[in-house]
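*Asks:* Sequence first, then the predicted structure:
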Amino acid sequence: MSNPAAPGQSDLAILLGSMRPMMAGQPYAFQSISQEAFARLTFVPLCAFRESEGVTVIATQEQAQDQGWPTDGGWACITLSVHSSLLAVGFLAAVAGALAREGISVNPVSAYYHDHLFVPWERRRQAMEVLESLSRSQGRETR
């Protein structure tokens, strides 16, 4: 079935200038579980990705704790609200580079419409400041 939606933005300057980062209100956890354990989950995780070693699950920290999974401080999910093209070049590199310069770890997940960044929960506010600053500076450059 074809997707009638627009293909998304691919111009790097426009992507950076209009990314509008939005942070989810609760922490998330990453866990790798077996295919069998994944099939028995009693909730729908935010994201799941099958690897040869197991299924990586991204779930709320509360869901992870209910399963008895370690939560290692949690991860904030920041969604870059611009509809980015899956073919956009350099967008995540620029974003990850800006966060790296501040010593902030990032685990990106790209979906069809948006890119989602998981940063350590305790660094979430600083990450938002970095992203908002990057967007403002790029927005000024494209005017």
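*Replies:* Received the coordinates, thanks.
*Asks:* Can you give me the distance of the residue lying closest to Phe49 once chain neighbours are set aside to Val119?
*Replies:* Leaving aside its sequence neighbours, Phe49 sits nearest to Thr56 (C-beta to C-beta, 6 or more residues apart in numbering; 4.8 Å). C-beta coordinates here come from the backbone N, C-alpha and C atoms, glycine included. In this view, Thr56 and Val119 are 17 Å apart by C-beta to C-beta, to the nearest Å.
*Asks:* mind listing what the residue nearest to Phe49 touches?
*Replies:* Phe30, Gln31, Ser32, Ala48, Phe49, Arg50 (C-beta atoms under 8 Å, 6 or more residues apart in numbering).
*Asks:* Make JSON lines from these and add pLDDT and secondary structure to it.
*Replies:* Output for the contacts of Thr56, formatted as JSON lines (pLDDT from 0 to 100; DSSP: H, G, I helix; E, B strand; the rest coil):
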{"residue": "Phe30", "pLDDT": "96", "secondary structure": "strand"}
{"residue": "Gln31", "pLDDT": "96", "secondary structure": "strand"}
{"residue": "Ser32", "pLDDT": "96", "secondary structure": "strand"}
{"residue": "Ala48", "pLDDT": "97", "secondary structure": "strand"}
{"residue": "Phe49", "pLDDT": "97", "secondary structure": "strand"}
{"residue": "Arg50", "pLDDT": "97", "secondary structure": "strand"}
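*Asks:* Nearest to Trp69 among these?
*Replies:* Gln31 (4.5 Å; C-beta to C-beta).
*Asks:* Go through the contacts of Thr56 and name the one nearest Ser84.
*Replies:* Among those, and counting by C-beta to C-beta, the member closest to Ser84 is Phe49, at 19.0 Å.
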